[in-house]
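K.L.:
the following block contains a protein sequence and its predicted model.
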Amino acid sequence: MSRSASVELVHITKRFSATLAVHDLTLTIYQGEFFALLGPSGCGKTTTLRLIGGLETPDSGEIRIGGTAVHDQPAYARRVNIVFQHYALFPHLTVQDNIAFGLRVKGRRLPGAEVTRRVKAVLDLVQLAGLETRRPHQLSGGQQQRVALARALVLQPHVLLLDEPLGALDRQLRKAMQTELRRIQREVGMTFLYVTHDQDEALSMADRMAVMRQGTIEQLGTPQDIFQTPRTRFVAEFMGAANIFTGQVLTRKEHTVHLETPSGLRLVCQCTAAVSVGASISVVVRPDVVQVVPHGWTWTGDNAFPGRVITKTYLGELTALTVALAGGDTILCHVPSRLEQQFGYQEATAVLVGWQAQDTHVLQE
Amino acid sequence: MAFSFTPSEYSLRWEGFTWRWYQAVWQNQPIQEALLVSLMVTIPAVLIATAIGTMTALALYRARFPGKDLLQSLLYIPLIMPSLVIGIALLLFFVAINLPLGILTIILAHIAFSIPLTTLVILARMQRLDPTLEEAAMDLGADEWTTFWRVTLPLLRPGIVAAALLAFPWSFNDFVITFFVAGVGASTLPLRIYSMIRLGVSPMVNALGTLIVVIPLLVVILGTLLTQRRE
């Protein structure tokens, strides 16, 4: 890879008394990339961010920022800045003074005119011009969020660390801010490390992302990689792919594998990994790849099973159907609502569900 | 209080309104001296106790050291222990270290019994402080010292002011402890009043009693108004 590294974590371990927060984590984030760290609460993602920011000290391992080891640098000497989850704006200072805080501290004391110029520029960037004299409590949640962002951006850090910055905003605003953050990141070309537990946020914003679990990285890749080909059961479930089948390999021909579940389902799937006949493997089928057609239709795809609709949930664009298959398995299908309405499925309607072998991914357990 | 405004000298009957007794208080030299002593004691005692209280609260909140829990529970003892015991203990202490009794010992005693009050008030404020604000300051490039002056202290200011406002009447009105450590020369206002009522309750004492309630009250109200305007 020709891009230069912005943040490198090498075998980082951090323990809090009894709990292992980060366990032997190695990760490289490249210059100018929007990187998302995704995981459930308690997986160590926020600790990782605080370790980079210098608010925690690793028990072992090395952190490099812009190629320099930083483990002996305190937080205030590192060229990284954090946008905190609850913004952590200084309540006794105005917007102007909050943003200028970092420009006025010792060692960086800039002339007054320069401070004013930079604050104005960054306020324009986050579209908050005109609110300079307000106090944080006079601002809406979205505006506070932008001030927190501006306060960190104005110092032109090597890396901007964002700790679930949109968590406290309502859904509409969150969507708008996602686009906004992406725009700002492109505009300034800075490395963003974005910590979140919301997979949609990670998928829609990140260039690359990592799914974390129990202090280690479970999978690293582009959003497409992780969404379409989850490597483990954990990643598959976390990314919302609910259909996981476990069975024994019956035959294998090139990349095509046939397996049979204990309940008697015979599945065809594609697999590039080395699996031997007789081995037990798990496969994942995402709800959006499963097609549902009325009973009696013919299906020419690789996997097709008759079943009955158990539940139907309208989600807007999509409708979620749970279908019980003959052997007792259930499968979740997301079908376009318009299509579903044409067929008019009801609970207990007999249907045929099907999907392609290439949409059936083998998990490494 | 009402009788401090009536001209009658001995009876407990209302005989019309007058400021006479206040004028008498104002012109009474021993009372003037006592008031001066009281202010000379209370003002430095409150300032020093508030400063020490801030530092103690910071240490209790931030640092981890052996005996920290013990120290924190010890803070409550002077607040619940009878003043009499504290007064005698302080007296014995001053005598033991050969410190002549006078204004200095009164000030020291007042500082000593005000520190627990100021510390606990400031500590309560500190515990409601969001620790991420200090982290944010450090993250933005402020070292520990700058963080303290630019973030921690301004955020603690309401607590510090409240502590001083509470300590003021606490110190100004104290009688029992002062009584033990005052010695012969120095007499604060409450001590002076006590020696006056031994000679019978004159309306002047009524007037003084009213003043001693109203002055600290005004200080507290004024202080509260000032802090509210700032916020």
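P.N.:
Everything's here; your move. Here the structure is a predicted model, which is why all the values come from computation and not from measurement. Residues are numbered from 1 along each chain as shown, chains lettered A, B, ... in the order given.
K.L.:
what does stretch A:203-219 rub up against?
P.N.:
When contacts are defined by C-beta atoms under 8 Å, 6 or more residues apart in numbering or on different chains, stretch A:203-219 is touched by residues A:14, A:20-25, A:27, A:33-40, A:43-45, A:47-48, A:178, A:181-182, A:194, A:202, A:220-223, A:225-227, A:230-232, A:234-235, A:238-239. All C-beta spots, glycine's among them, are computed from the backbone N, C-alpha and C.
K.L.:
likewise stretch A:305-312?
P.N.:
A:265, A:295, A:319-326, A:330-331, A:340, A:345-354.
K.L.:
now which of those residues would you call buried?
P.N.:
In the contacts of stretch A:305-312, burial by neighbour count holds for A:265, A:319-323, A:325, A:331, A:340, A:345, A:349, A:351-354, counting by 16 or more other C-beta atoms under 10 Å in any protein chain shown.
K.L.:
quick one: the helices in the stretch 51-200 of chain A?
P.N.:
A:95-104, A:112-125, A:141-153, A:171-188, A:199-205 (DSSP state H, counting those that start in this stretch).
K.L.:
mind giving me the packing neighbours of the third one?
P.N.:
Which is helix A:141-153. strand A:80-83, helix A:95-104, helix A:112-125, helix A:171-188 (3 or more C-beta pairs under 8 Å, 6 or more residues apart in numbering or on different chains; DSSP states H and E).
K.L.:
touching chain B at all, the shortest one?
P.N.:
This means strand A:80-83. Yes: residues of strand A:80-83 contacting chain B under C-beta under 8 Å from any C-beta of the partner chain: A:Val80, A:Asn81, A:Ile82.
K.L.:
the nearest residue to A:Thr313 once chain neighbours are set aside: what's it in contact with?
P.N.:
In space, and not counting its chain neighbours, A:Thr313 is closest to A:Ala320: 4.4 Å by C-beta to C-beta, 6 or more residues apart in numbering or on different chains. Going by C-beta under 8 Å, 6+ apart, A:Ala320 touches A:Pro287, A:Thr311, A:Lys312, A:Thr313, A:Leu332, A:Cys333, A:His334.
K.L.:
could you do B:Tyr61 as well?
P.N.:
Neighbour list for B:Tyr61: B:Leu123, B:Met126, B:Gln127 [criterion: C-beta under 8 Å, 6+ apart].
K.L.:
the last one: what's it in contact with?
P.N.:
So that's B:Gln127. By C-beta under 8 Å, 6+ apart, the contact list for B:Gln127 reads B:Tyr61.
K.L.:
report pLDDT for it.
P.N.:
Note on B:Gln127: pLDDT of 88.
K.L.:
which strand or helix spans B:Leu39?
P.N.:
helix B:29-62 (DSSP states H and E).
K.L.:
just checking, next helix/strand downstream of that helix?
P.N.:
Assigned by DSSP H and E, the successor of helix B:29-62 is helix B:68-74.
K.L.:
tell me which other helices or strands that following helix touches.
P.N.:
With contacts defined as 3+ C-beta pairs under 8 Å, 6+ apart, the packing partners of helix B:68-74 are helix B:29-62.
K.L.:
gap between the helix it packs on and the chain center?
P.N.:
On the basis of C-alpha atoms, centre = their mean, to the nearest Å, helix B:29-62 is displaced by 6 Å from the centre of the chain it belongs to.
K.L.:
state the mean pLDDT of it.
P.N.:
90.
K.L.:
list the buried residues for it?
P.N.:
Using 16+ other C-beta under 10 Å as the test for burial, helix B:29-62 gives B:31, B:34-35, B:37-38, B:41-42, B:45-46, B:48-50, B:52-54, B:56-58, B:60-61.
K.L.:
with stretch A:288-299 instead?
P.N.:
Quick answer for stretch A:288-299 (16+ other C-beta under 10 Å): A:Asp288, A:Val289, A:Val290, A:Gln291, A:Val292, A:Val293.
K.L.:
do stretch A:135-143 as well
P.N.:
Those would be A:Arg135, A:Pro136, A:Leu139, A:Gly142, A:Gln143, for stretch A:135-143 by 16+ other C-beta under 10 Å.
K.L.:
same question for stretch A:198-208.
P.N.:
Buried-residue list, stretch A:198-208, by 16+ other C-beta under 10 Å: A:Gln199, A:Glu201, A:Ala202, A:Leu203, A:Met205, A:Ala206, A:Asp207, A:Arg208.
K.L.:
again, but for stretch B:208-220
P.N.:
B:Leu208, B:Gly209, B:Thr210, B:Leu211, B:Ile212, B:Ile215, B:Pro216, B:Val219.
K.L.:
mind giving me the packing neighbours of whichever strand or helix holds the third one?
P.N.:
Per DSSP H and E: B:Thr210 is located in helix B:203-230. Contacting helix B:203-230 under the criterion 3+ C-beta pairs under 8 Å, 6+ apart are the following elements: helix B:20-27, helix B:153-172, helix B:189-197.
K.L.:
next secondary structure element downstream of the longest one?
P.N.:
By that I understand helix B:153-172. helix B:176-181.
K.L.:
okay, now the domains of chain A?
P.N.:
Per the record, chain A has its domains at A:5-236, A:241-363, by automatic domain parsing.
K.L.:
what is the mean pLDDT for the shortest one?
P.N.:
Taken as a whole, domain A:241-363 carries a mean pLDDT of 89.
K.L.:
and the end-to-end length of it?
P.N.:
Length of domain A:241-363, first residue to last, C-alpha to C-alpha, to the nearest Å: 12 Å.
K.L.:
then the first one?
P.N.:
Between the opening and closing residues of domain A:5-236 lies a distance of 29 Å (C-alpha to C-alpha).
K.L.:
tell me the average confidence for that domain?
P.N.:
pLDDT averaged over domain A:5-236 gives 91.
K.L.:
on that earlier part again, ramachandran angles for the residue nearest to A:Thr313?
P.N.:
Taking degrees, to the nearest 10, you get phi -90, psi 130 for the backbone angles of A:Ala320.
K.L.:
cool, and A:Leu9?
P.N.:
The phi/psi pair for A:Leu9 (degrees, to the nearest 10) reads phi -110, psi 130.
K.L.:
surely it and A:Ile63 touch.
P.N.:
Yes: using C-beta atoms under 8 Å, A:Leu9 is in contact with A:Ile63, at 5.8 Å.
K.L.:
give me the number of residues near A:Cys119?
P.N.:
Slight slip there: residue A:119 is Val, not Cys. Neighbourhood size, A:Val119 [other C-beta atoms under 10 Å in any protein chain shown]: 21.
K.L.:
if I look at it, how far off is A:Val154?
P.N.:
7 Å (C-beta to C-beta, to the nearest Å).
K.L.:
got it, and B:Pro158?
P.N.:
For B:Pro158 relative to A:Val154 (C-beta to C-beta), the value is 29 Å.
K.L.:
between these two, which one's more packed in?
P.N.:
Using other C-beta under 10 Å as the criterion, B:Pro158 and A:Val154 rank with A:Val154 on top: 23 against 16.
K.L.:
help me confirm that the more buried one comes into contact with A:Val122.
P.N.:
Yes: with contact defined as C-beta under 8 Å, A:Val154 counts as touching A:Val122 (4.4 Å).
K.L.:
what's the overlap in contacts for those two?
P.N.:
In contact with both A:Val154 and A:Val122: A:Ile99, using C-beta under 8 Å, 6+ apart.
K.L.:
tell me what A:Val10 is bridged to.
P.N.:
A:Glu62 (DSSP bridges).
K.L.:
ok, A:Tyr194 - contacts?
P.N.:
By C-beta under 8 Å, 6+ apart, the contact list for A:Tyr194 reads A:Phe34, A:Phe35, A:Ala36, A:Leu37, A:Leu162, A:Pro165, A:Leu181, A:Glu201, A:Ala202, A:Met205, A:Ala206.
K.L.:
what's the answer for B:Thr188, then?
P.N.:
Per C-beta under 8 Å, 6+ apart, neighbours of B:Thr188: B:Ala34, B:Val37, B:Ser38, B:Val41, B:Ile106, B:Asp174, B:Thr178, B:Ala182.
K.L.:
show me what from chain B comes close to chain A.
P.N.:
B:130, B:132-133, B:135-143, B:146, B:150-151, B:154-155.
K.L.:
just those residues: which are in helices?
P.N.:
Taking DSSP state H, the ones among the residues of chain B next to chain A that sit in helices are B:Thr132, B:Leu133, B:Glu135, B:Ala136, B:Ala137, B:Met138, B:Asp139, B:Thr146, B:Pro154, B:Leu155.
K.L.:
brilliant, that's me finished.
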